[in-house]
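Engineer: A structural model of the following input is requested.
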Amino acid sequence: LPAGMHRVLQFLLDDFSEIGIECYTIDQAFVLQDSEITQMHIKMLHETPQYVSVKDIPETGILKMFVTGSHQETRAVQHSLLETFPNMFQAVPSGDVFLEIFSLQSDKGAAVRFLKQYYPQKKRFYAVGDNYNDFSMFREVEQAFVPENGVPKAKEIGRVVSSCDTGALFDVIQYLDALY
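Structural biologist: Numbers count the residues shown, from 1 in each chain. A predicted model of the protein is given here:
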């Protein structure tokens, strides 16, 4: 994320007292403001975060932030961040309770573009995703697959397969195996 994120973090703390705020470097997790959803997320990731204040967050090296809260809270944060700090970073919903904040140059579509350059002999690329943060990736591949429990907008873009819990990846493998 760009320099100046301390200002963004302080803005979030001042204006949104009910949300959780997580920051990640390549090897460390930080919790700036705790919430029940943040605790669940940290546990799911098997992280051992440092609970810190803004001044303890590194000025550089933050790769991604998560804001956690209700659907209404995360959308309000998204709107407020993009209005207050335009063209500084991306703020993309991920599910109903997460808002991912990351560099303008860093998204799943950029990862697919990198892979296409790294493997120029490969002619087709496929992706599986279920949420708004997957849309940039979907634009870069020949076929997108979306689990049936994905957000409705994603299901309009990709081929719908079983839910994440009941074999989505197996369905994708079967489909691709039948093609080739």
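
Engineer: Now stretch 63-77: average pLDDT?
Structural biologist: Per-region confidence: stretch 63-77 scores 95 on mean pLDDT.

Engineer: mind listing what's buried in it?
Structural biologist: By neighbour count, with 16 or more other CB atoms under 10 Å as the criterion, the buried positions of stretch 63-77 are Met65, Phe66, Val67, Thr68, Gly69, Glu73, Thr74, Ala76, Val77. For the C-beta atoms, the positions are set from N, CA and C on the backbone; glycine is no exception.

Engineer: neighbouring contacts of the helix or strand of the chain with the lowest mean pLDDT?
Structural biologist: Comparing helices and strands within the chain by mean pLDDT, DSSP states H and E singles out strand 90-94 as the least confident, with a mean of 89. If you take CB atoms under 8 Å, 6 or more residues apart in numbering as the criterion, strand 90-94 is touched by 74-75, 77-78, 81-82, 99-104, 106-107, 131-133.

Engineer: Give me the buried subset of these.
Structural biologist: Under a neighbour-count criterion of 16+ other CB under 10 Å, the subset of the contacts of strand 90-94 counted as buried comprises Thr74, Val77, Gln78, Leu81, Leu99, Glu100, Ile101, Phe102, Asp107, Asn131, Tyr132, Asn133.

Engineer: would CSV of these with distance to Pro152 and secondary structure be doable?
Structural biologist: Supplementary listing: these in CSV, determined by distance: CB to CB, whole Å; DSSP: H, G, I helix; E, B strand; the rest coil:
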residue, distance to Pro152, secondary structure
Thr74, 18, helix
Val77, 22, helix
Gln78, 18, helix
Leu81, 24, helix
Leu99, 19, strand
Glu100, 19, strand
Ile101, 24, strand
Phe102, 24, strand
Asp107, 21, coil
Asn131, 11, coil
Tyr132, 11, helix
Asn133, 15, helix
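
Engineer: Make CSV out of those and add distance to Ile57.
Structural biologist: Shown next, in CSV, are these (distance: CB to CB, whole Å):
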residue, distance to Ile57
Thr74, 20
Val77, 17
Gln78, 20
Leu81, 16
Leu99, 17
Glu100, 17
Ile101, 13
Phe102, 15
Asp107, 22
Asn131, 26
Tyr132, 26
Asn133, 22
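
Engineer: just to revisit the earlier point, note down every partner strand of the least confident helix or strand of the chain and its orientation.
Structural biologist: Each strand paired with strand 90-94, and its direction, by DSSP bridges: strand 98-102 (antiparallel).

Engineer: list the buried ones in the helix or strand just after the partner strand?
Structural biologist: Moving toward the C-terminus from strand 98-102, the first helix or strand encountered (DSSP states H and E) is helix 108-118. Of all the residues in helix 108-118, those buried under the rule 16+ other CB under 10 Å are Lys108, Gly109, Val112.

Engineer: from the buried ones among the contacts of strand 90-94, which is closest to Tyr175?
Structural biologist: Distances from these to Tyr175 were compared by CB to CB; the smallest belongs to Asn131, at 20.6 Å.
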